[in-house]
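Return a 3D structure for these sequence lines:
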Amino acid sequence: MAKRTRCECFASQLCHTISSLIAGLARAICRLFNRRGVPIEVVITDNARRRTLTREISRKLRALQHILGTGIPDDVVVIVTHVIPRRRQPAGCFQVGLRPDGSRYAVIRLALTTNGHRLCTDEVLSTLAEQCLGILAEDAKTVVVPTEYQPDGGSQVELLDDPLAPAA
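Residues are numbered from 1 along each chain as shown. Model (predicted):
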């Protein structure tokens, strides 16, 4: 086998130097435009579903941040787990806080299962949207007016009274 020889001519060295400078500049530009988005940690063992959920949550969270503007803190973390261990298992919850320097942060927790029901990706994303709207509404004086949809032939599901609702 022949050994690879290095060409020592000036033109070859110049082309090599220019190409390495252009490649370095291209990597730097890519790093600027491909900033790491919101940290998303999906804590499940299924690698395919983890990648799918991470990609979809990242995409939808960027869209929600673009739509909602400055209402969502810049420092947001999303944690997706199989279940959120509470007495009544919620599909999601959030925590908002202030750092000592006055900047806000938010931790959004999403569950993949609630009360034995496995949530599909669309349900997880709708929970994410609800949590982002909750963070947005936390600082404003708002009233939530639910709109219910019941498809034809569907049975009415009786839910327990909301313990946080005002007494009648």
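
Could you use CA atoms for every contact and neighbour count after this?
Fine.

Helix, strand, or coil at Phe94?
Of the three states, Phe94 takes strand under DSSP: H, G, I helix; E, B strand; the rest coil.

what pairs with it across the strands?
Ile108 (DSSP bridges).

list the contacts for it?
By Cα atoms under 8 Å, 6 or more residues apart in numbering, Phe94 lies in contact with Ala106, Val107, Ile108, Arg109, Gln131, Ile135.

The residues you listed: which two are farthest apart?
Longest distance between any two of these is 12.3 Å, between Arg109 and Ile135; criterion Cα to Cα.

got the residue ranges for the strands in the chain?
40-42, 75-81, 92-98, 104-111, 113-114, 117-118 (DSSP state E).

Output the ones you listed as TSV; include the columns distance to Arg55 and mean pLDDT.
Below are the strands of the chain laid out as TSV (distance: least, Cα to Cα, whole Å; pLDDT from 0 to 100):
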stretch	distance to Arg55	mean pLDDT
strand 40-42	9	88
strand 75-81	12	88
strand 92-98	18	86
strand 104-111	15	87
strand 113-114	19	87
strand 117-118	19	86
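
can you list those in a markdown table and add distance to Lys60?
As requested, those are exported to a markdown table (distance: least, Cα to Cα, whole Å):
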| stretch | distance to Lys60 |
| --- | --- |
| strand 40-42 | 12 |
| strand 75-81 | 12 |
| strand 92-98 | 16 |
| strand 104-111 | 14 |
| strand 113-114 | 20 |
| strand 117-118 | 20 |
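
Quick check: the gap between the residue nearest to Arg104 when sequence neighbours are not counted and Cys132.
Distances taken as Cα to Cα, 6 or more residues apart in numbering place Leu98 nearest to Arg104, at 4.6 Å, with adjacent residues excluded. Separation of Leu98 from Cys132 (Cα to Cα, to the nearest Å): 17 Å.

More neighbours: which of those two?
Cys132 (23 against 10; other Cα atoms under 10 Å).

how many neighbours does His66 have?
11.

Next, work out how far apart Arg62 and Ile72 are.
Arg62 is 11 Å from Ile72, where distance means Cα to Cα.

Between these two, which contacts overlap?
With Cα under 8 Å, 6+ apart, Arg62 and Ile72 have no common neighbours.

Can you point out the buried residues in the longest helix along the chain?
Counting by DSSP state H, the longest helix found in the chain is helix 10-33. Across helix 10-33, burial judged by 16 or more other Cα atoms under 10 Å covers no residue at all.
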